[in-house]
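Enquirer: Fold the following and give me the result.
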Amino acid sequence: MFDPNDVRAVHYIFTGKPEQLTALKVFFKDGTARVYEGSEFTDALAIVKLAFPPRPGPGGPSDQPLKH
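Expert: Numbers count the residues shown, from 1 in each chain. Down below sits the predicted model:
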């Protein structure tokens, strides 16, 4: 799919009532971006969690600082 080291940033896409995380827009270091949803969503989410480990405790996805 993609390497966690290639990820520059992630945009979490929430939809529905109540809001649910349904897709990810992943921005890569080479300047490209791709939306992962449906059957690819769970695999992409697992890789993103390796790139940006969640903070301990309850809450939504953590913000990721952009590194230049």
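Enquirer: could you pull out the helices for the chain?
Expert: Ranges of helices in the chain, per DSSP state H, are 41-51.
Enquirer: Okay, now the unreliable bits of it?
Expert: The chain contains residues with pLDDT under 70 at 57-68.
Enquirer: Disregarding residues adjacent in the polypeptide, which is nearest to the residue nearest the centre of the chain?
Expert: For the chain, the residue nearest the mean C-alpha position is V10 (4.3 Å; C-alpha atoms, centre = their mean). With sequence-adjacent residues excluded and distances taken as C-beta to C-beta, 6 or more residues apart in numbering, V10 is closest to V48, at 5.2 Å. Where you see a C-beta, it was placed from the backbone N, CA and C, and this is true even at glycine.
Enquirer: Give me the neighbour count for K29.
Expert: As a burial measure, K29 scores 12 neighbours (other C-beta atoms under 10 Å).
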